[in-house]
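S.K.: the amino acid sequence is not available; the structure is as follows:
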């Protein structure tokens, strides 16, 4: 019996070994075949994958220790700018002799941030944080921000003494909560005894974000050099390339990326769940012009079919759309740089400190990279201008580019006028600087990523569960130098036809109707700011049809001319007749000599508005942040003073309480 058991055990051991060997061989074969088409060194790739598998994904300390990193740059980014600045800091760190890594805040568990000073020698943590929406963290920074807010209450249990840190915040001064996330993070980290290496930087997207970053960047590295005893005279920032471009031949078409954000072939073979990394291809089922007449402006109503996608949305949510750059601009850029746009390329990291193996999905063609992956219409940042200067032969042109990329006051001023004020894109700079001929391969890793565009969904899922509606004004303008500029996404949408496919995903929003249908709502949404409130009105109409007690629903809408720009006019009038929209106040700014805006009508209705707010009504604003939202806020203060007999400070505090209770909500942009 014992002999039989031993024999059986031996057979099992042998079978286990055979199975394990087959699994291991299969895994190795999978990795090799999966990555062989990229042109990367297979042995280096396998070794890298093996090393990475030893490190717990969300353990930032293990990751830094394993890579001998002493500096980490965390980013909280909604549009990619904070990530871009983080990557630039990491590249510069290498020139200063510091091993640094870039980290997406949502990828790591930072509950052991207080252990960093014990595990690493003289560590440095940098936070590039954007403030999003109504003074909120970006989606990927929410968990981190919640963590430090919680730890602030018990600093003895989360002591960051010995950790050097710096913060650069990204915001827009047209918003009430300018850079609040960067400011709060800086304050809390200091309260938790971390060592502030330099004063926090604050970038203003309404002015010159790049100049703000460059100014702070200089102060930051001065502080770093002083703290870490680094000789700045020996620093060379001229070359910071991290990737090598390889041209490929004979690659099967099904092995090429064609615009997918991350997953090869995901546009041809759609699989749930759908997300930012795996968008759903929604069929465009309806597109119509909302503006009347033959004026130069355009506003589109678009309907996207989401049936079968499992995508769900609520009124107030956003839809993100992946678009593509203008084909003519891509052709012009390829011609100017002398490249065959149909050449197939792959990119591989030559720097072990690079955040990704490739800055965008490869292999693909140059054309695909410029159409889908790289932002070629944004204003070039100073590090790109510096790269251009290295490939310029005319001395005057070279000097001008070098000056704009310098830290000198005159150079910053020149960048502010030549690039920012005159709104010059990369192609326009190249057209102006005739002797500048940079290799496209160099620019591929420097240009920012083309980001999805977000739009407030203008339909109610209760009424339209199988479609998402978008209301978008087509952006076109002429620059000071006479160039015709177009918004990337809206102009791409304007050229689509029913049946075309649009890559999308849904993002939740803080803009929500009250839980109780009987609660009154007041909505202020001029222009395309009407979009989410069209959904709200549809929601309220649906509830009313169900026989539920729906509270007062008031809309303040504004546009230039009633005859041309009153979007969804018939629909709103029908809702008003049905009683689901109890009051509709419309301001037509150009239909009379004296301009009338929504804030003027709001003030006229001050008594009614205040009486509803006293009854816990919800107040919503959607649209322009720079002027309209501020004017509406000032109007509410005046209403509080007049109708509520408050002092100015009491009125300000009243609105602050409404914000804290989520009864005063803005979805605004600049």
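M.R.: Nice, I can see it. The shown structure was predicted, so the numbers you read here are calculated from the model rather than taken from an experiment.
S.K.: CA atoms for contacts and neighbours, from now on please.
M.R.: OK.
S.K.: mind pulling up the pLDDT for residue 352?
M.R.: pLDDT recorded at residue 352 is 78.
S.K.: and it, how far from residue 60?
M.R.: As judged by C-alpha to C-alpha, to the nearest Å, residue 352 and residue 60 stand 17 Å apart.
S.K.: which of the two has more neighbours?
M.R.: Using other C-alpha atoms under 10 Å as the criterion, residue 352 and residue 60 rank with residue 60 on top: 20 against 13.
S.K.: which non-adjacent residue is nearest the more buried one?
M.R.: Spatial nearest neighbour of residue 60, chain neighbours left out: residue 108 (6.1 Å); criterion: C-alpha to C-alpha, 6 or more residues apart in numbering.
S.K.: next, count neighbours for the one you found.
M.R.: 17.
S.K.: one more: residue 122?
M.R.: For residue 122, using other C-alpha under 10 Å, the count is 15.
S.K.: pretty sure it sits against residue 162.
M.R.: Yes: at 7.3 Å, residue 122 counts as touching residue 162 under the criterion of C-alpha atoms under 8 Å.
S.K.: what bits of this structure have low per-residue confidence?
M.R.: Along the chain, the parts satisfying pLDDT under 70 run over 1-57, 238-239.
S.K.: just want the most central residue of the chain.
M.R.: residue 79 (1.8 Å; C-alpha atoms, centre = their mean).
S.K.: from residue 455, how far off is that residue?
M.R.: Distance from residue 79 to residue 455, by C-alpha to C-alpha: 13 Å.
S.K.: tell me how far the host helix or strand of residue 612 is from the chain's mean position?
M.R.: Per DSSP states H and E: residue 612 is located in helix 606-614. Here helix 606-614 is found 37 Å from its chain centre; the criterion is C-alpha atoms, centre = their mean, to the nearest Å.
S.K.: ok, stretch 183-192 next?
M.R.: Computed by C-alpha atoms, centre = their mean, the chain-centroid distance of stretch 183-192 equals 24 Å.
S.K.: what comes up buried for it?
M.R.: 183, 185-186, 188-190, 192 (16 or more other C-alpha atoms under 10 Å).
S.K.: outside of the helix or strand residue 331 falls within, which residues touch it?
M.R.: Assigned by DSSP H and E, residue 331 belongs to helix 327-337. Identification of contacts with helix 327-337 by C-alpha atoms under 8 Å, 6 or more residues apart in numbering yields 340-341, 367, 370-371, 427, 430, 437-440.
S.K.: find the nearest non-adjacent residue to residue 65, please.
M.R.: Closest to residue 65 by C-alpha to C-alpha, 6+ apart is residue 120, at 7.1 Å.
S.K.: which residues sit against stretch 609-621?
M.R.: Counting by C-alpha under 8 Å, 6+ apart, 511, 514, 519-525, 529, 602, 629, 639-640, 643-644, 662-668 sit against stretch 609-621.
S.K.: picking that back up, ok, the residue nearest to residue 60 touching residue 61?
M.R.: No: assessed by C-alpha under 8 Å, residue 108 is found out of contact with residue 61, at 9.7 Å.
S.K.: identify the contacts common to those two.
M.R.: With C-alpha under 8 Å, 6+ apart, residue 108 and residue 61 have no common neighbours.
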